[in-house]
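# let's see this in three dimensions:
(chains A, B and C)
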Amino acid sequence: MSESSRPPETTVNRRTFLKGLGTSAVAVASAQAGAMADEIGKMAGPGPQGPGAVPVVLNINGKNTSFQIEPRVTLLDALRNYGPLTGAKEVCDRATCGACSVLVDGKLVYSCMKLAIDAQGTKITTIEGLAQNGQLTKVQEAFVECDALMCGFCTPGMVLATTALLASNPKPTMDEIKRGCSGNLCRCGTYPHVIKAALKASGQSVTDNITVLKYERVA
Amino acid sequence: MSGWPDPSAVLGKPTERIDGPVKVTGQAKYTYDVQPDGWLYGMILRSKWPAAKVTKIDLSKALAMPGVKAAVLAGGEQRQVSYYGQELAAVAATTKQACLDALRAIEVEADPLPFVVKEDDAMKPDAPSVFAGASNVKPLKSSEKGQVDQAFATAAAIAEGELRTPTQLHQPLETHGAVVAIQSGQMTAWSSTQGISSVQEGFAQALQLPQSNIRVICEYMGGGFGAKFGPGAHGLLAAQLARMAGAPVKVMLTRLEQGLAVGNRPSSIQKFKIAADSSGKLLSADITNHGSPGISGGGQSAGGGSGANIALPYVYKYPNARIQQFSIAMNTGASSAFRAPGHPPASYGTESMMDELAVKMGMDPLEFRLLNSANPLHQREFKVGGERFGWAEKYKKPGSSPGPIKTGIGCACGNWGGGGKGTKAEVQINPDGTVEVRCGTQDLGTGSRTMVAMVAAEALGLTPQQITVKIGDTNLPPSGGSGGSSTTASVAPAIWNACENALAALQQQTGTPDARGENWAAACKKLVVTPLTAQGEWQPGLSNSGTGGVNFAEVEVDTDTGYIRLKKIVAVHDCGLIVNPLATTSQINGGIIFGIGYALYEERVMDHQTGLLLSTNFDTYKISNIADMPDIEVILLDMPERGVIGIGEPAVIPSAGAIANAVANAIGVRVHSLPITPAKVLAALGKVPNMTKV
Amino acid sequence: MNSFQYVTAGSPEEAISLVGKNGRYLAGGIDLLGMMKDYIVTPDVLVNVKDVKMAQPEGNAIRLNGQAYELGALVTVAEIAAHEELKKALPGLVEAASEVGSPQIRNVASLAGNLLQHSRCWYYRQPDIVCLKRGGSTCYGQEGENKYLSLFSGCACISPIVSNLATVFAALNAQVNVREDAQTSLYSIHKFYQEAWENPAAHNSLKPQNFILNVSVPTTRARSAYRQQSEKREFDWALVSCAAAGNVTGGRITDARVALGAVAPVPYVVEEANQFLEGKELTAANAAKAADIILRDAKPLAHNGYKVPLAHALIRRALLALNS
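Next up is the predicted model:
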């Protein structure tokens, strides 16, 4: 089949592509919002919010923090770009890698796939909220001791995943550790040492699988 | 003997990374995290066509949108695009959302052109020409020695096969990107890079600014694996946007963009015909490789850089050999250097065929390698590893394991050059005894920051925790890029030299014969108020090049489902003097994990109908997960007398070949392409009627 | 993402009223938000339904009601996977839930969202491709990269269903309780997905405004099992999955139901195979025969033929697992 005889049917048609304008969507939404507000009586919440920036209050690491953001801002985006908390990382933005992991009411979640406005009323814990008064947690210490970090970009998510695992399963088996951290990807290669760190942090014995042999000069 | 102390107090001891605490608390600031005052978000508009003649790019509507402060073209308005994802324009705005809206308001008109995105399609005689008028297939270096065909005629056994590797994506967790601030001709750029100097040089050239006006900073970076050199299109666009907006602009790529336009490992189609004589010695080889580096022309350099050339013949020597390599152009993103360029595919192909030939000869594959390896490092590593792995007890003839879950074992080797030079460093000793070491090198996650602290600590009789290390800034004494596994070999000797100079100066200035250890505080106090600074640079005699490494792999293959479970990998590597066994092991673990992904999961998938990328994120471009981990044992051969070398790339070479051989040993037939998926295993076992060639 | 309004609903009625013509319900958001980021769906309002009060059972409740477990629409996949009673009564359901995504996804993914999730075909999900399912004119999977696509379909779209829970619910003969405007309807799994079998543009038979209240799962099949095979060990979509359920006494199976996932736009059930198994000894040979029947009409494409032997193996394993 000749490629040139059939133009690809993509969002690009044969000659042009013109993306929908954000402004027109805003105009439509505003008109609808007005109409809806008139119709709706008792509501569970404060009524439709947005699409423009609205006040959002999030409880992060025990502190109430105020934002003025659009509903479409994710929790990850709010933490990093509207707040000073860059510990949670943007890596895939599609809930496939775990680098954005935070705890919401103690549960490990992907902050890239949660709207900030939808996280109101919850208790959010980020990596910055683990160590108290500069004192590393057991999990953080174990990560450093076992070299469970390399470039460090996956590390905040991994630490939170391990922390969440041990909170619900204080003495996990190796398989349980693998499963507990299975939502967190690493490219540098920390997995074996993350497993060691989780075992160590949970007070379990760790086998050393490194041998250093000294050899004489190769002729 | 090398110039390092023996015995050593610090070198060779497992040492925690000094940047561990800032990484585990989320305090480490990467380029992605940098936020200068008034910074703007920047995003890139990319071609949605795999090939097209662009006739119009209208930025006016985008510029008029709320929050948008700049919009620029990437190249002219009328131009040719040659792959899906090629840069067309960029915008800067106050929020990510405003950028996304602005991108969607840019109007582009283009006439689509014919394209090709699959190697087999590109090689057809009637394929669309990627470069007008030229064939898509370009011959690269070829060589011939001896009497190849005559030798085949006398061979005791011949093995033939075609082995394929896919295009592999680097996929560092931190995407490519830069933050650029320009004011009155002075520029500061934070770049996620393996080479701050390369970024500085690239910016200077592209923007016509003096290099001394450009400062590049990279204190922490989230992985590179070979692709992060130079400012990149994203860096240059950030600079253009920053100029236009009059504000710092951060352009960090999305995960989709990582699959399109920042480099990749070229694919390979390797055809082997190899033969051995009756004693089992390798006799003759006829090897052809067709590889695709995408849109880039492909280089002539064997084993380095980004060309389609792979390192053939790999490791094993043939008295008669014909090697021919070809580069295939396609309308896909250009390849770039990728952790041990040319070696993982060559090791996979070569080692697969070594097993095939060994089996044809009726020989144990490990014995076959020991017979044919002229590399004394490999000889040792195969023997040490084989013993630890239990090769002799475990080895069974291919496919003879009882099913339906069959076990098998395999091995493979790799070698690498490494080595380094040309780094400068500076040491400052303060009257209070604290020490700061400065060097313009980078730490990609390799642990080089800690290596610097360890070398300084060794020289000065301190602990690594007592050393403050400043790296990742072009204001610091220059070093080379962190590629080619050259960082330790380049940097460690320079640090050592600078510290020796500093120690000598301290001792001389303060009249202390030996200022190390318990004399340190008193000696430094004698400096009164003036810190002492000393320079140093790379010296010969402390570093070397040339390393080897072998992997042994054990797998279980479920012959009903095709699923491969890795049970165990034993890795034996050498890299001269091992500075930090802890970090070196992490590097080797990392290389193995990369190799596992290459062997079993990773493949950049293009669609031949639309020319677009289908493996757009980690759910479709599959990298190893923690749950896929086998038992890994690492044996490090410490050779202090060789000096420091490098481990980053050697670590990634032998795993795929070992795993592929283990699978073939388990099921008795070979899957001839990576990744070895359950689908291919079932097909190789003859269970898929419409998939017979695997 | 496009701009939208965000509003929280207190009841199913309010939710339906608020979602309007072009809105979407927001529970866990794992599927919805991802699609919005790629502009595959562009709702003008998101209605948060996590606080919706529902009648028995509550939205986040799992309760036994006579001979069926009722699971509220807002129950998370993690809650199903950890439920001790369900482990005993409906082990296949717990196995299926345990294989969904990753811990982070299971923690927030709702039962309703899991059933309603859109196709994961990479042509559908590619932001710059408008495939047949998205309103274009071509199914690119037919001639393209189809290693993950369907063996069976009633229409020109060959993207397979990926919901683990839908597959096991099909084997357990579950029913979905759905609020449509003013009335409530009960959907069998077959009816719930029938539209996706016939209509290339559909992922299920519901309209986006329809509000799932709960899923009712009979406990009348005492044995159930779910088996899937992915390329990676965790956090990877199933290449093929199989759920089997029934009653086993004296080594013979009754009320057998077998469903395949990831091989068709719907959980794939062949009644003839269920009938064949009725009263038979649950042996490897009979399991194989059932598998032959189920796979008889498979139409392998260029790259997904492996799904046939793989499905065959999973059917045998899921059925034989019912013996214990």
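# return the residues in contact with residue B:477.
B:423-426, B:438-440, B:494, B:535 (C-beta atoms under 8 Å, 6 or more residues apart in numbering or on different chains). Yep, even glycine has a C-beta here, placed from its N, CA and C like the rest.
# I misspoke; the intended subject was residue B:75.
B:87-88.
# ok, and the most crowded of the contacts of residue B:477?
Neighbour counts for the contacts of residue B:477 (other C-beta atoms under 10 Å in any protein chain shown) peak at residue B:425, which has 33 neighbours.
# how about that residue, secondary structure?
strand (DSSP: H, G, I helix; E, B strand; the rest coil).
# swap in residue C:184?
strand.
# how close does it sit to residue C:52?
Remark: distance between residue C:184 and residue C:52 (C-beta to C-beta, to the nearest Å) = 14 Å.
# who's more crowded, the two?
Remark: of residue C:184 and residue C:52, residue C:52 carries more neighbours, 26 against 13, as counted by other C-beta under 10 Å.
# so how far is residue B:376 from the residue lying closest to residue A:214 once chain neighbours are set aside?
Distances taken as C-beta to C-beta, 6 or more residues apart in numbering or on different chains put residue B:638 closest to residue A:214, at 4.9 Å, once the chain neighbours are dropped. Residue B:638 is 16 Å from residue B:376, where distance means C-beta to C-beta.
# who has more neighbours, the two?
residue B:638 (18 against 11).
# all helices for chain C, in order.
Using DSSP state H, the helices found in chain C span residues C:12-19, C:30-37, C:77-81, C:84-89, C:91-98, C:103-108, C:111-116, C:122-125, C:164-172, C:189-198, C:271-277, C:284-295, C:307-321.
# where does pLDDT dip in chain A?
Along chain A, segments meeting pLDDT under 70 span A:1-45, A:216-219.
# show me the strands in it, by range?
Counting by DSSP state E, chain A has strands at residues A:16-17, A:54-60, A:63-69, A:101-104, A:107-110, A:123-125, A:210-214.
# check whether the fourth one contacts chain C.
Put plainly, it is strand A:101-104. Yes - with C-beta under 8 Å from any C-beta of the partner chain as the measure, strand A:101-104 is seen reaching chain C through residue A:101.
# does chain B sit close to that strand?
No - judged by C-beta under 8 Å from any C-beta, strand A:101-104 stays clear of chain B, getting no closer than 10.6 Å.
# show me what contacts the residue nearest the centre of chain A?
Nearest to the geometric centre of chain A sits residue A:100, at 1.9 Å (C-alpha atoms, centre = their mean). By C-beta under 8 Å, 6+ apart, the contact list for residue A:100 reads A:76, A:88-91, A:93, A:110-112, A:157.
# restrict these to those near chain C?
Okay, of these touching chain C (C-beta under 8 Å from any C-beta), that's A:93, A:110.
# pick the one among the contacts of residue A:100 closest to chain B.
residue A:91 (5.0 Å; C-beta to the nearest C-beta).
# check the contact between that closest one and residue B:172; I expect there is one.
No - Residue A:91 is beyond contact range of residue B:172, at 9.2 Å (criterion: C-beta atoms under 8 Å).
# neighbour count for those two, which is higher?
residue A:91 (30 against 26).
# for that one, phi and psi?
phi -130, psi -40 (degrees, to the nearest 10).
# for the closest residue to it other than its chain neighbours, give its distance to residue B:390.
Of all residues not flanking residue A:91 in the chain, residue A:99 sits nearest, at 3.9 Å (C-beta to C-beta, 6+ apart). Distance, residue A:99 to residue B:390, by C-beta to C-beta: 38 Å.
# same question for residue C:223.
Counting by C-beta to C-beta, the gap from residue C:223 to residue B:390 is 41 Å.
# more neighbours: which of the two?
residue C:223 (21 against 14).
# beta-bridge partners for the more buried one, please?
residue C:246 (DSSP bridges).
# do you know the pLDDT at it?
We have a pLDDT of 98 for residue C:223.
# okay, now the domains of the chain?
Picked chain A for this. A:54-129, A:138-201 (automatic domain parsing).
# hmm, I had chain B in mind actually
B:20-29+B:420-537, B:34-113+B:172-258, B:375-416+B:545-694.
# those domains: which one's closest to residue B:331?
Of all the domains of chain B, domain B:34-113+B:172-258 sits nearest to residue B:331, with 4.4 Å by C-beta to C-beta.
# who's in contact with residue C:29?
Contacts of residue C:29 by C-beta under 8 Å, 6+ apart are A:113-115, A:118, C:108, C:113.
# I meant to write residue B:460 there.
Per C-beta under 8 Å, 6+ apart, neighbours of residue B:460: B:429, B:435, B:467, B:499, B:502-503, B:516, B:520.
# nearest to chain A: which residue in the stretch 1-150 of chain B?
residue B:26 (2.4 Å).
# hang on, that residue packs against residue A:125?
No - using C-beta under 8 Å as the test, residue B:26 is too far from residue A:125 to be in contact (11.5 Å).
# of these two, which one has the most company?
Remark: of residue B:26 and residue A:125, residue B:26 carries more neighbours, 25 against 21, as counted by other C-beta under 10 Å.
# grab the nearest non-local neighbour of residue B:195.
Using C-beta to C-beta, 6+ apart, the closest residue to residue B:195 is residue B:481 (2.9 Å).
# which helix or strand contains the one you found?
Per DSSP states H and E, residue B:481 falls between elements, in no helix or strand.
# so who does it touch?
Contacts of residue B:481 by C-beta under 8 Å, 6+ apart are B:194-195, B:197-198, B:229, B:442.
# residue C:127 and residue C:58, how far apart?
Relative to residue C:58, and taking C-beta to C-beta, residue C:127 is found at 38 Å.
# pick the most buried one from the helices of chain C.
helix C:164-172 (a mean of 29; mean count of other C-beta atoms under 10 Å in any protein chain shown).
# show me what that helix packs onto, helices and strands only.
helix C:91-98, helix C:111-116, helix C:189-198, strand C:211-218, strand C:223-229, strand C:240-249, strand C:252-261 (3 or more C-beta pairs under 8 Å, 6 or more residues apart in numbering or on different chains; DSSP states H and E).
# can you check what angle separates the fifth one from helix C:164-172?
Relative orientation of strand C:223-229 and helix C:164-172, computed by axes from the mean of the first three to the mean of the last three C-alpha atoms, to 10 degrees: 140 degrees.
# pull the distance from strand C:223-229 to the chain's centre.
14 Å (C-alpha atoms, centre = their mean, to the nearest Å).
# in it, what counts as buried?
Residues C:223-229 are the ones in strand C:223-229 that count as buried (16 or more other C-beta atoms under 10 Å in any protein chain shown).
# how far away from the center of its chain is stretch C:86-101?
13 Å.
# same question but for stretch B:97-117, I mixed them up
31 Å.
# flag every residue of the stretch 51-200 of chain C that's near chain B.
C:120, C:122-123, C:125-129, C:138, C:140, C:143-145, C:147.
# now those residues as JSON lines including distance to residue C:100?
Shown next, in JSON lines, are those (distance: C-beta to C-beta, whole Å):
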{"residue": "C:120", "distance to residue C:100": "13"}
{"residue": "C:122", "distance to residue C:100": "19"}
{"residue": "C:123", "distance to residue C:100": "23"}
{"residue": "C:125", "distance to residue C:100": "18"}
{"residue": "C:126", "distance to residue C:100": "23"}
{"residue": "C:127", "distance to residue C:100": "24"}
{"residue": "C:128", "distance to residue C:100": "28"}
{"residue": "C:129", "distance to residue C:100": "26"}
{"residue": "C:138", "distance to residue C:100": "31"}
{"residue": "C:140", "distance to residue C:100": "27"}
{"residue": "C:143", "distance to residue C:100": "31"}
{"residue": "C:144", "distance to residue C:100": "27"}
{"residue": "C:145", "distance to residue C:100": "24"}
{"residue": "C:147", "distance to residue C:100": "22"}
